[in-house]
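J.: After the sequence you'll find the predicted model.
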Amino acid sequence: MTQSKYFPDSFYRVSVKGLFVKDGKILLLKESSRLSGRWELPGGGLDFGEDIHIGLKREIEEETGLQIKSISDKPVYAWTWRFDNKRNMDWYYSLVLVYRVEIENFEFKPSEECEEIGFFSKQELNGIELCQQTNGLKNVFNPEDFKS
């Protein structure tokens with residue numbers, strides 16, 4: 001493994017994501033074209049020292065205007081992703097923690113970060129362009145886990 005001149009070997013940037021499932025389909029956000037223009041789970045990176053639930057709620061509301069009703073106590077999925085040549089760094093790892101969320105309303109408001117929302121089945125995930133770290137979702141999402 002390559003050493004990083006920026007961080008100790010055990011450093012991970014923590015990214016918290018919300019998973020809302022309706023009728024076996026996942027809510028995804030389309031990043032604005034000035035970013036990647038790809039689909040991803042709602043959420044983002046935690047600020048230093050920020051509470052996970054507060055950070056997740058903040059990120060989703062900032063990006064979409066959607067109001068969060070509840071967030072699971074524990075993550076339902078977790079994976080890591082290595083980014084190369086991003087954020088002015090040679091590389092770094094992201095620890096992605098995915099929490100189940102319930103959304104109060106679907107009054108979507110486009111932002112500088114997000115231009116669209118949509119629902120996708122597990123099969124449809126293979127036919128859309130996902131953000132790099134969201135690709136881990138393909139390996140773990142099972143719609144059967146979210147049946148009422």
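T.: In hand now; what should we look at?
J.: Grab the CA positions of stretch 26-34 and hand them over as PDB.
T.: Output in PDB follows, covering the C-alpha atoms of stretch 26-34 (Å, rounded to 0.1, in the frame of the first residue of the first chain):
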ATOM      1  CA  ILE A  26     -34.000   3.500  -3.800                       C
ATOM      2  CA  LEU A  27     -34.100   7.200  -3.800                       C
ATOM      3  CA  LEU A  28     -31.000   8.700  -5.500                       C
ATOM      4  CA  LEU A  29     -29.900  12.200  -6.200                       C
ATOM      5  CA  LYS A  30     -28.400  13.400  -9.500                       C
ATOM      6  CA  GLU A  31     -25.400  15.600  -8.800                       C
ATOM      7  CA  SER A  32     -25.300  18.900 -10.700                       C
ATOM      8  CA  SER A  33     -23.400  18.800 -14.000                       C
ATOM      9  CA  ARG A  34     -20.800  21.100 -12.500                       C
END
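J.: Mean confidence (pLDDT) on the longest helix belonging to the chain, please.
T.: Counting by DSSP state H, the longest helix found in the chain is helix 52-64. In this model, helix 52-64 has an average pLDDT of 94.
J.: Could you list the buried residues of it?
T.: For helix 52-64, burial by neighbour count (16 or more other C-beta atoms under 10 Å) applies to 52-53, 55-60, 63-64. Using the backbone N, CA and C atoms, a C-beta is placed for each residue, glycine as well.
J.: Poorly predicted segments of this structure, please.
T.: Within the chain, the stretches with pLDDT under 70 are 1-11, 83-87, 89, 91-92, 148.
J.: That one: strands as residue ranges?
T.: 13-19, 21-22, 25-31, 39-40, 43-45, 68-71, 77-86, 89-103, 114-120 (DSSP state E).
J.: gap between the longest helix of the chain and the chain center?
T.: 11 Å (C-alpha atoms, centre = their mean, to the nearest Å).
J.: about what we covered before: between the strands of the chain, which one is nearest to residue 139?
T.: Across those, residue 139 has its closest neighbour in strand 77-86 (7.4 Å, C-beta to C-beta).
J.: residues in contact with the residue nearest to residue 72 when sequence neighbours are not counted?
T.: Nearest non-adjacent residue to residue 72, counting by C-beta to C-beta, 6 or more residues apart in numbering: residue 100, 4.1 Å away. Residue 100 makes contact with 18-21, 71-72, 76, 146 under the criterion C-beta atoms under 8 Å, 6 or more residues apart in numbering.
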